[in-house]
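1. build me a structure from this.
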Amino acid sequence: MADAGGDPAPATARSEAEHRVARQQFPLPAPLALPAPTVSAGAPDLIVSDEVWQIRAGSQCWTIDRRTGLLSRWSVGGQEQLLTPLRDQFIRAPLDNDIGVSEVERIDPNARVERWKSAGLYDLEAHCVQCDAQRPANETLVDCRWHYLRGEEVVIVAAGACTSLLTEPCGWRWTANGRKPCRRCHGSGCTSVADQQAPVSWLGLGPHENYPDRRSSACFARWEQPLAAMTTPISSRRKTACAVIPRRWTGGAGTSAVISTSPFSHGAPVS
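-> Model prediction:
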């Protein structure tokens, strides 16, 4: 990624010194190179039981619940990294633009939040219809598939793959197709409990904040913030959120995950 910008050195009547007045990023033709993380030698182990699939590689261990298809536990050196299982996320804590022109006593029916409600996205029921594991060559792969129901109607079909290789830590990749109106915000929800004071870093677009501006959300770079800065207060529904679109996520104690999600598509066929 080539980064070009215009930064006038002296202060002016309209701006402070070194205020950036223009910026443009140009994708380079060469593929993005990520440093390969080091892991212990030896193929990842797949431990099978009636309740879970368990993948072990070096000091890390991932547990997938066979009934729900969810990553229920992730430990590094015996220390748990998750408060809750990793889940699909089709809605977010509303930002200002999501509530439209709604007021306390006059709700905007065209606001994104209201459209999410009318589409039943707050009340979807997930059913795991597939949770298979295999161990080809030097990797371990767990494939999961879910149906998200509104009543008895399947409105979203989601698929997830948990892969552990010799050359990288466990990676999670999701895809989703649906037939209900929804903004493109398919992602995952994850909370780390290890080393709460450690900074969080990622490679991708910057944090999406409400104010003072959202310029950082358009900048593809390597970002790092303290954990406390990863939330922003939202007046609507009394929730907090800070959305990012990462290629690689690094939490406390050097824990790392390769993350790939596909945007939720309007009117995409269920497959």
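2. can you list the residue ranges for helices in the stretch 1-150 of the chain?
-> Shown for the stretch 1-150 of the chain, the helices assigned by DSSP state H, counting those that start in this stretch span residues 112-118.
3. can you give me the strands for it?
-> 2-6, 22-26, 45-48, 52-57, 60-65, 71-76, 79-80, 87-89, 125-134, 139-150 (DSSP state E, counting those that start in this stretch).
4. poorly predicted segments of the stretch 151-271 of the chain, please.
-> Within the stretch 151-271 of the chain, the stretches with pLDDT under 70 are 164-198, 208-214, 230-271.
5. would you list the strands of the stretch 1-150 of the chain in JSON lines and tack on mean neighbour count and distance to Ala221?
-> Glycine gets a C-beta too; all of them are placed from N, C-alpha and C. As requested, these are exported to JSON lines (neighbours: other CB atoms under 10 Å; distance: least, CB to CB, whole Å):
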{"stretch": "strand 2-6", "mean neighbour count": "10", "distance to Ala221": "8"}
{"stretch": "strand 22-26", "mean neighbour count": "10", "distance to Ala221": "9"}
{"stretch": "strand 45-48", "mean neighbour count": "14", "distance to Ala221": "36"}
{"stretch": "strand 52-57", "mean neighbour count": "20", "distance to Ala221": "29"}
{"stretch": "strand 60-65", "mean neighbour count": "21", "distance to Ala221": "27"}
{"stretch": "strand 71-76", "mean neighbour count": "20", "distance to Ala221": "26"}
{"stretch": "strand 79-80", "mean neighbour count": "14", "distance to Ala221": "29"}
{"stretch": "strand 87-89", "mean neighbour count": "18", "distance to Ala221": "24"}
{"stretch": "strand 125-134", "mean neighbour count": "14", "distance to Ala221": "34"}
{"stretch": "strand 139-150", "mean neighbour count": "20", "distance to Ala221": "31"}
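6. could you save those as CSV and add columns showing distance to Glu114 and mean pLDDT?
-> Output for the strands of the stretch 1-150 of the chain, formatted as CSV (distance: least, CB to CB, whole Å; pLDDT from 0 to 100):
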stretch, distance to Glu114, mean pLDDT
strand 2-6, 39, 75
strand 22-26, 35, 79
strand 45-48, 45, 89
strand 52-57, 39, 89
strand 60-65, 33, 90
strand 71-76, 32, 87
strand 79-80, 38, 84
strand 87-89, 19, 77
strand 125-134, 21, 91
strand 139-150, 16, 88
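7. distance to Arg115 added to the ones you listed, as JSON lines?
-> Shown next, in JSON lines, are the strands of the stretch 1-150 of the chain (distance: least, CB to CB, whole Å):
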{"stretch": "strand 2-6", "distance to Arg115": "36"}
{"stretch": "strand 22-26", "distance to Arg115": "32"}
{"stretch": "strand 45-48", "distance to Arg115": "42"}
{"stretch": "strand 52-57", "distance to Arg115": "37"}
{"stretch": "strand 60-65", "distance to Arg115": "32"}
{"stretch": "strand 71-76", "distance to Arg115": "30"}
{"stretch": "strand 79-80", "distance to Arg115": "37"}
{"stretch": "strand 87-89", "distance to Arg115": "17"}
{"stretch": "strand 125-134", "distance to Arg115": "20"}
{"stretch": "strand 139-150", "distance to Arg115": "14"}
